[in-house]
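In: coords please:
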Amino acid sequence: MATAAPKTLKQARETYNTSGELVWWVFMRISGLMLVFLVFAHIYANNIAFNAGEIDYAYVANRLAQPSVKIFDTFLLGFALLHGVNGLRYSIEDYVRKPGRRFWAKAALFTITGIVFVLGTMTLWAFSYDEMGAAVRALN
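Out: Numbers count the residues shown, from 1 in each chain. Predicted coordinates:
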C-alpha cells in the first residue's frame, strides 16, 4: 500500500529520510507560490498595463534594456525551470523502474535544463537590445 504524499512540513520531515528531499519538498511549495506572483506580475506588465496588440521590437528592447526587468525575468526563468524539472524528476523516480535508465533520464533532464537556463540567462543579459534595435531599424 502506497503512502500518501506529505501535505505539511511535519509530515514531510517524517516521510523523507534525507534532508535533500525535504529541501526539495519545501522548495516546491515556495517556488509554486513565488511563480504565482511572478507570472501574474509578468502578465500584468505585458498585457494589462500595456496593450498587447501594440507590442513591437522597440517595446521589447526598451523593457529588456532595464536591469530590473532582466532580474525579474531571470527569477521567473529560474523558478519555472527548477519547479518544472523537480516535478519531472519526481515522475522519473516514480515511473522509470530500472536504475540505469533512471540515471540516464535524470542526467539528460539536468543537462538539458542547465543548457536552457544558461542560454536563457545569456539571452537576457548578454545582448544590448538598444544596439540590436538600432540595427533592426537601420535595415528598414
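In: what residue lies at the spatial centre of the protein?
Out: Geometric centre of the chain, nearest residue: residue 80, 2.2 Å, by C-alpha atoms, centre = their mean.
In: element containing it, please.
Out: helix 67-95 (DSSP states H and E).
In: off-centre distance for that helix?
Out: When distances are taken as C-alpha atoms, centre = their mean, to the nearest Å, helix 67-95 is centred 3 Å away from the chain's centroid.
In: show me which residues of it are buried.
Out: 69-70, 72-73, 76-83, 85-86, 89, 92 (16 or more other C-beta atoms under 10 Å). All C-beta atoms are positioned from the backbone trio N, CA, C, and that covers glycine.
In: same check on stretch 8-21?
Out: For stretch 8-21, using 16+ other C-beta under 10 Å, the buried residues are residue 12.
In: quick one: end-to-end distance for it.
Out: End-to-end distance for stretch 8-21: 14 Å, by C-alpha to C-alpha, to the nearest Å.
In: in contact with residue 113, which residues?
Out: Shown in contact with residue 113 (C-beta atoms under 8 Å, 6 or more residues apart in numbering): 81, 85.
In: picking up where we left off before, output the contacting helices and strands for the helix holding residue 80.
Out: Applying 3 or more C-beta pairs under 8 Å, 6 or more residues apart in numbering; DSSP states H and E, one finds that helix 67-95 contacts helix 19-43, helix 57-64, helix 99-125.
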